[in-house]
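Trainee: Pasting a predicted model and its sequence here:
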Amino acid sequence: MPRPDFPKTIFEFQQWFPDEDACVKFLIQSRWPEDFVCPRCGGREYWWKDARQLLQCKQCGYQASPTAGTVMHRSKMPLRLWFHAAYLVTTHTPGFSALQFQRQVGLSSYQTAFTMLHKLRAAMVRSGRDKLSQVVEVDETYIGGERSGKTGRGAEGKVIVAGAVDIRGKYANRVRLKVIPNVTQATLNEFVQDNIEIGSTVVTDDWLGYSKLESLGYEHSIALRMIHIHRVFSNLKSWLIGTHHGVSKQHLQAYLNEYVFRFNRRNTPMAAFQTVLGLAKGRTGPTYKGLYGVAKGLDLYTHPANPIGR
């Protein structure tokens, strides 16, 4: 049996997932497209334990949860709510703030909405993903509201974000974004090596932090204008302000991950429905304690409607 397809319209979504049972069946088919295989003994027959929503191996008694290794595992929220969240997040082009999501699905708690969205964002990052290649523009930008003092490199009170985008013809192809602590040569070299294939042409400005890229195996080109990465940065800042109205330093990387995910799948957004549920590679996402257990840090943008870390 092949892995199930994904709903392509809201009408299809409503037809496919009218209740919890339909969601469970979809999970089982997604997790075990070639039929159930017990992770302990390899047995292929099971009983369905309806009360606990588990598959129990007939051979050894091992109990497997359809939600194990996904963002939904151990959640008290209904599966249909998670499915609805995943559909909204992947198909709504600008994305959702936690406040918008709370209102859209009727949640009573902002914290619950915030935590659910961050779990979905965690599933957007795939370990071992392909590196950018061929011609790649690289630069940094500073995220934060208006502040007095020095601008550009060396600005205080803001967060530095490194970015890279590979080019195909006249168009941007894929993007990578990462919060970095500084713009030293060591930090920038690490970002390039983590995200760009050796042998690619890396296009940067004349900052000395990029001066040793050729020694690392890259072709290095200096340009006065890098329209693709600068457009990415401009759209990123507009998205952070326009959709989320405010983000905190603590959670900025999660929002960068979402932006990258959306950008790289801008032509096939609905295909990511299963990915953000964590069905692809066991991505459980952060816990509530992990999100709120440390200081919020610097608010990079603020808005009275979103008082909690955005």
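Mentor: Now that the structure is in, tell me what you want to look at.
Trainee: and the residue nearest the centre of the chain, what does it touch?
Mentor: Closest residue to the average C-alpha location of the chain: Met124 at 3.3 Å, with Cα atoms, centre = their mean. For Met124, the contacting residues are Asn257, Glu258, Val260, Phe261, Ala272, Thr275, Val276, by Cβ atoms under 8 Å, 6 or more residues apart in numbering. Backbone N, C-alpha and C define where each C-beta goes, glycine included.
Trainee: which one of those has the most neighbours?
Mentor: Within those, Val276 tops the neighbour count with 27 neighbours, counted by other Cβ atoms under 10 Å.
Trainee: quick one on the thing from earlier: so which of the contacts of Met124 comes closest to Ser221?
Mentor: Nearest to Ser221 among those is Val260, at 23.5 Å by Cβ to Cβ.
Trainee: Quick check: the closest one touching Lys178?
Mentor: No. Using Cβ atoms under 8 Å, Val260 is not in contact with Lys178; the gap is 9.3 Å.
Trainee: how about the helices in this structure?
Mentor: Under the criterion DSSP state H, helices of the chain are mapped to 10-16, 20-31, 79-91, 98-105, 110-122, 185-195, 227-242, 252-264, 273-276, 288-292.
Trainee: In JSON lines, list the ones you listed along with distance to Leu132 and mean pLDDT.
Mentor: Formatted as JSON lines, these follow (distance: least, Cβ to Cβ, whole Å; pLDDT from 0 to 100):
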{"stretch": "helix 10-16", "distance to Leu132": "33", "mean pLDDT": "92"}
{"stretch": "helix 20-31", "distance to Leu132": "29", "mean pLDDT": "91"}
{"stretch": "helix 79-91", "distance to Leu132": "23", "mean pLDDT": "89"}
{"stretch": "helix 98-105", "distance to Leu132": "30", "mean pLDDT": "89"}
{"stretch": "helix 110-122", "distance to Leu132": "21", "mean pLDDT": "89"}
{"stretch": "helix 185-195", "distance to Leu132": "6", "mean pLDDT": "98"}
{"stretch": "helix 227-242", "distance to Leu132": "11", "mean pLDDT": "95"}
{"stretch": "helix 252-264", "distance to Leu132": "10", "mean pLDDT": "92"}
{"stretch": "helix 273-276", "distance to Leu132": "20", "mean pLDDT": "82"}
{"stretch": "helix 288-292", "distance to Leu132": "29", "mean pLDDT": "50"}
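Trainee: Could you pull out the strands in the stretch 51-200 of the chain for me?
Mentor: 54-57, 63-64, 135-143, 159-168, 171-180 (DSSP state E, counting those that start in this stretch).
Trainee: With just CA atoms, put the first one into PDB.
Mentor: In PDB, the C-alpha atoms belonging to strand 54-57 read as follows (Å, rounded to 0.1, in the frame of the first residue of the first chain):
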ATOM      1  CA  LEU A  54      -2.300   1.800  20.100                       C
ATOM      2  CA  LEU A  55      -1.300  -1.100  17.800                       C
ATOM      3  CA  GLN A  56      -0.300  -4.200  19.800                       C
ATOM      4  CA  CYS A  57       1.900  -6.800  18.200                       C
END
